[in-house]
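Visitor: Predicted model and sequence below, questions to follow.
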Amino acid sequence: MLVCGRRKWRTIIIFLVIISALCIFPLYSGILHEESTDSYIAKQNEVFVDVPSITSPDIGRHFNPKLLAGLMADIKSNKSNNVINHQKVLMKQDVDRDVVNYNVHAFYYAWYGNPGQDGEYFHWNHEYLPHWEKKISDKYPTGQAHIPPDDIGSSYYPLLGPYSSSDETVTRSHMIQMQQAGIGVLALSWYPPGLADDHGKPIEHYIPTLFDIADQYNIKVCFHIEPYKDRSPESVKENLKYIIETYGDHPAFYRTSTSEGSRKLPLVYVYDSYLIPANQWSKILKKRAEISIRGSIFDAVVIGLLVEKKHIWELSSAGFDGFYTYFAAEKFSYGSTRRYWREIESFAIENKMIFIPSIGPGYDDTSVRPWNNINSRKRNDGAYYETGWHKATTLSTVNIVSITSFNEWHEGTQIEPASPQSRHGKSVYLTYEPHDPDYYLKLTKKWSMKMLNATRDVT
C-alpha cells in the first residue's frame with residue numbers, strides 16, 4: 001500500500017509539473033514579447049484616477065493633471081522615450097466607458113504655436129490691443145507683445161504650458177479631456193485654406209489629423225466660420241462646398257437631424273454674421289434663391305450670431321436656420337443676457353428656428369485688452385458657469401448648448417485645465433484654486449450628463 005501510494009503520488013506530481021510548464025511557458029513567452037502590457041495598464045490607471053467629484057459623486061474617473069504636466073515637461077526637454085511612453089498611456093483608453101453628449105458643443109481654437117513645433121510662438125505672444133479712444137489707450141501698455149513662455153496673452157496659464165495646436169500629443173490630450181467632460185462636438189474656429197487671423201498661421205494642413213484623433217475618442221467636429229477678409233455669401237457657399245467635399249465622409253464629421261426629413265446635414269456656426277446684410281445672406285440661404293444651397297448636396301444647418309436684439313429678425317429674414325449667442329460675459333450683449341433667453345426661445349419657436357445658447361465659466365481678457373475690465377466676469381468657484389448651465393437647460397425647447405470655450409485663453413473663457421504660475425516672478429496668473437485644474441471639466445461632465453439623462457427621460 002505504501003509503495004503503491006508513493007508511485008501514485010510521484011505520477012501525480014510529474015503530471016502536475018508537466019501541466020504547469022505547458023501553462024506557464026506561453027505566459028512567460030508573452031511577458032518576454034509584450035513586457036509592457038502590465039506597465040501599460042498601470043500607467044493607464046495613473047492617467048485617470050478614481051476620486052470623488054467636488055460637485056457630483058457620480059462623475060468618477062478624472063484626468064490626472066500631474067501626469068499631463070510630466071508629459072509636457074518631457075516634450076520640452078526632448079526626452080523622446082518618455083514622450084513615447086506617455087503617448088501610449090494617452091492612447092490606451094476605454095472609449096466606450098465615457099459617454100459623450102452630441103448636444104454639447106465646445107468652441108475650440110487650434111491657432112496656438114510654439115518654437116518647438118512651429119519655429120516660433122503665435123497667439124501666446126499676443127500684443128496688448130489699443131482702445132478706440134486714444135485718451136484711454138494712452139493709460140495702458142498697448143502695442144507691446146507678451147513674451148512667452150512665462151508671459152503669455154492670457155490671465156490664466158494652461159496646465160500644458162504654451163503649447164502648439166499642431167502637436168498631436170496636445171490634440172490627443174484635448175480629446176481625452178473633452179471626452180471625460182462629456183463634450184460630444186468640437187466647434188473648430190476655421191478660416192479657408194491659406195488664411196488665418198491676424199495673430200496666427202493657417203491650420204488647414206493639420207485639420208485631417210485633428211479629425212482622426214477626435215474620432216478615436218468619439219468626438220465629432222463641426223466648423224465655426226470666422227469673418228475672414230472679403231467674406232461674402234458666395235464665398236461662404238464655396239466654403240461649405242469645400243468643407244463637405246473634404247471632410248464630409250470622415251466619421252468624425254458632425255451632422256444633425258433636421259425637421260424636414262430623415263436626412264442629416266452638417267451644422268456650421270457663422271461668427272459675426274451680422275457684418276453681411278440679411279438680403280445678401282438670403283441669396284444662398286433662402287430656398288428659392290438663385291444660388292441657394294437649400295436642397296443641394298451642400299446644404300447645411302447654418303447658425304448665425306445673435307448679438308443685438310434686431311439680429312433675431314435679420315437672421316430669420318436672411319434664411320438662417322438658427323442663432324447662437326457665443327459671448328461668455330453676461331449682459332455684454334442682448335444675446336448673452338440670460339434673462340432674455342426665454343424671449344429669444346419664444347421667437348425661435350414661432351419662426352421654426354434653432355436657438356443655441358452659449359455659456360461660459362467666466363470672462364477676463366485684460367491680458368490683451370487691459371482697458372476692458374468692465375466686462376470681466378468672475379468665475380465665483382464655478383457658480384457663474386453652473387448658473388449658465390441651469391438657465392440654458394431649463395429652456396423647454398433648447399436641444400443644443402454651446403460652451404464658450406474649451407480653450408480661448410485670451411478671453412479667459414477656457415474650461416481647459418489651468419495651472420498656478422507667476423509672470424516673471426511679479427504678478428500671478430489667475431487659477432481655479434482651491435479646486436483642481438480640471439474642475440471645469442468636472443462641472444461640464446456633471447451638466448452634460450444631466451442634460452443627456454433629461455433627454456432620455458423625455459424620449
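Guide: Structure's in. What do you need?
Visitor: From residue 180, how far out is residue 99?
Guide: As defined by Cβ to Cβ, to the nearest Å, residue 99 lies at a distance of 11 Å from residue 180. For the C-beta atoms, the positions are set from N, CA and C on the backbone; glycine is no exception.
Visitor: okay, these two: which has more neighbours?
Guide: residue 180 (24 against 13; other Cβ atoms under 10 Å).
Visitor: so where is the stretch 251-400 of the chain shaky, pLDDT-wise?
Guide: Across the stretch 251-400 of the chain, the ranges flagged by pLDDT under 70 are 261-262.
Visitor: In it, what residue spans correspond to strands?
Guide: For the stretch 251-400 of the chain, the strands defined by DSSP state E, counting those that start in this stretch occupy 255-258, 261-270, 301-305, 322-324, 354-356, 358-359.
Visitor: Mind checking the ones you listed for the one nearest to residue 109?
Guide: strand 261-270 (13.2 Å; Cβ to Cβ).
Visitor: packing partners for that closest one?
Guide: Under the contact criterion of 3 or more Cβ pairs under 8 Å, 6 or more residues apart in numbering; DSSP states H and E, strand 261-270 touches strand 220-225, helix 233-247, strand 255-258, strand 301-305.
Visitor: sorry, back to before: next, format the strands of the stretch 251-400 of the chain as TSV and append distance to residue 159.
Guide: Shown next, in TSV, are the strands of the stretch 251-400 of the chain (distance: least, Cβ to Cβ, whole Å):
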stretch	distance to residue 159
strand 255-258	32
strand 261-270	27
strand 301-305	30
strand 322-324	28
strand 354-356	28
strand 358-359	22
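Visitor: so can I have JSON lines of those strands showing mean neighbour count and distance to residue 372?
Guide: Compiled in JSON lines, the strands of the stretch 251-400 of the chain are given as follows (neighbours: other Cβ atoms under 10 Å; distance: least, Cβ to Cβ, whole Å):
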{"stretch": "strand 255-258", "mean neighbour count": "16", "distance to residue 372": "35"}
{"stretch": "strand 261-270", "mean neighbour count": "18", "distance to residue 372": "24"}
{"stretch": "strand 301-305", "mean neighbour count": "25", "distance to residue 372": "19"}
{"stretch": "strand 322-324", "mean neighbour count": "25", "distance to residue 372": "22"}
{"stretch": "strand 354-356", "mean neighbour count": "23", "distance to residue 372": "25"}
{"stretch": "strand 358-359", "mean neighbour count": "25", "distance to residue 372": "19"}
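Visitor: Quickly find the element holding residue 420.
Guide: Taking DSSP states H and E as the definition, residue 420 sits outside all helices and strands.
Visitor: Check the gap between it and residue 137 for me.
Guide: On the measure of Cβ to Cβ, residue 420 and residue 137 end up 31 Å apart.
Visitor: If you count surrounding residues, which of those two has more?
Guide: residue 137 (17 against 14).
Visitor: wait, the more buried one sits on residue 128?
Guide: No - contact criterion Cβ atoms under 8 Å: residue 137 and residue 128 do not qualify, at 9.4 Å.
Visitor: which stretches of the chain form helices?
Guide: 2-33, 36-47, 65-76, 80-91, 115-118, 134-137, 168-181, 207-216, 233-247, 278-285, 310-318, 341-350, 383-393, 439-458 (DSSP state H).
Visitor: For burial, what's the neighbour tally of residue 454?
Guide: Look at residue 454: counted by other Cβ under 10 Å, it has 12 neighbours.
Visitor: again, but for residue 396
Guide: 8.
Visitor: try residue 452
Guide: 18.
Visitor: Any figure for the gap between it and residue 156?
Guide: Residue 452 is 28 Å from residue 156, by Cβ to Cβ.
Visitor: same deal with residue 145?
Guide: As judged by Cβ to Cβ, residue 145 and residue 156 stand 18 Å apart.
Visitor: These two: which is more packed in?
Guide: Counted by other Cβ under 10 Å, residue 145 and residue 156 do not tie: residue 156 has more neighbours, with 24 against 14.
Visitor: Confirm for me that residue 300 is in contact with residue 264.
Guide: No - applying Cβ under 8 Å, one finds residue 300 not in contact with residue 264, separated by 10.6 Å.
Visitor: any idea of the pLDDT on residue 423?
Guide: According to the prediction, residue 423 has pLDDT 85.
Visitor: what's the answer for residue 91, then?
Guide: 40.
Visitor: What of residue 139?
Guide: 89.
Visitor: for the nearest residue to it once chain neighbours are set aside, what are its contacts?
Guide: Nearest residue to residue 139, sequence neighbours excluded (Cβ to Cβ, 6 or more residues apart in numbering): residue 371, at 7.2 Å. Contacts for residue 371 (Cβ atoms under 8 Å, 6 or more residues apart in numbering) come out as 131, 136-137, 139-140.
Visitor: Name the stretch among the helices and strands packed on strand 261-270 that sits most buried.
Guide: Of all the helices and strands packed on strand 261-270, strand 301-305 carries the top mean neighbour count, a mean of 25, counting by mean count of other Cβ atoms under 10 Å.
Visitor: Provide the strand pairings for that one, with the direction of each partner.
Guide: strand 261-270 (parallel), strand 322-324 (parallel) (DSSP bridges).
Visitor: can I have that strand written out in PDB, keeping just the CAs?
Guide: Backbone C-alpha positions of strand 301-305 (Å, rounded to 0.1, in the frame of the first residue of the first chain) are rendered in PDB as follows:
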ATOM      1  CA  VAL A 301     -27.800  73.800 -40.800                       C
ATOM      2  CA  VAL A 302     -26.400  77.400 -40.700                       C
ATOM      3  CA  ILE A 303     -26.300  79.100 -37.300                       C
ATOM      4  CA  GLY A 304     -25.800  82.900 -37.200                       C
ATOM      5  CA  LEU A 305     -24.500  85.000 -34.300                       C
END
